[in-house]
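In: give me a model of this one.
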Amino acid sequence: MSTQQGNRKMSDEEVRKLVVARLSVLSPDMYVAIGSDGSFSRDELIQRVEANDEIGKEIADIQLEWLRSWKQKLA
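Out: Residues are numbered from 1 along each chain as shown. All right, here's what the predicted structure looks like:
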């Protein structure tokens, strides 16, 4: 899950912190459906990312892909 940041590679822990920060600004009443895995509240997603389980890794990958896409649109 590590990613490049300038000339430095972000650690998995840094990526998780970034994703948790992004999820933290969502409404606590918001739910996200993750395919056949079910629906998860904001707090459940944060717990999953912090636990680094399969759902958490999937959420982190989705968030990183969105950020990369957004960065490319700005460039």
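In: who's in contact with N52?
Out: Contact analysis of N52 by Cβ atoms under 8 Å, 6 or more residues apart in numbering lists D12, R16. Every residue, glycine included, has its C-beta placed from N, CA and C.
In: next: the one 3 residues further on.
Out: The neighbours of I55, taking Cβ under 8 Å, 6+ apart as the test, are I34, D37, F40, L45, R48.
In: phi and psi next, for it.
Out: Backbone torsions for I55, taken as degrees, to the nearest 10, come to phi -60, psi -40.
In: can I get stretch 49-59 in CSV, CA atoms only?
Out: Extracted C-alpha coordinates of stretch 49-59, given in CSV (Å, rounded to 0.1, in the frame of the first residue of the first chain):
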residue,chain,number,x,y,z
VAL,A,49,-8.4,1.0,8.3
GLU,A,50,-6.7,1.3,11.7
ALA,A,51,-6.9,-2.5,12.1
ASN,A,52,-5.4,-2.9,8.6
ASP,A,53,-7.8,-5.7,7.8
GLU,A,54,-8.9,-6.6,4.2
ILE,A,55,-11.8,-4.0,4.2
GLY,A,56,-9.4,-1.4,5.6
LYS,A,57,-6.8,-2.1,2.9
GLU,A,58,-9.5,-1.9,0.2
ILE,A,59,-10.7,1.5,1.6
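In: quick one on the thing from earlier: mark which of the contacts of I55 are buried, thanks.
Out: F40, L45, R48 (16 or more other Cβ atoms under 10 Å).
In: lowest-confidence helix or strand of the chain?
Out: Scoring the helices and strands of the chain by mean pLDDT, DSSP states H and E places strand 3-5 at the bottom, with a mean of 58.
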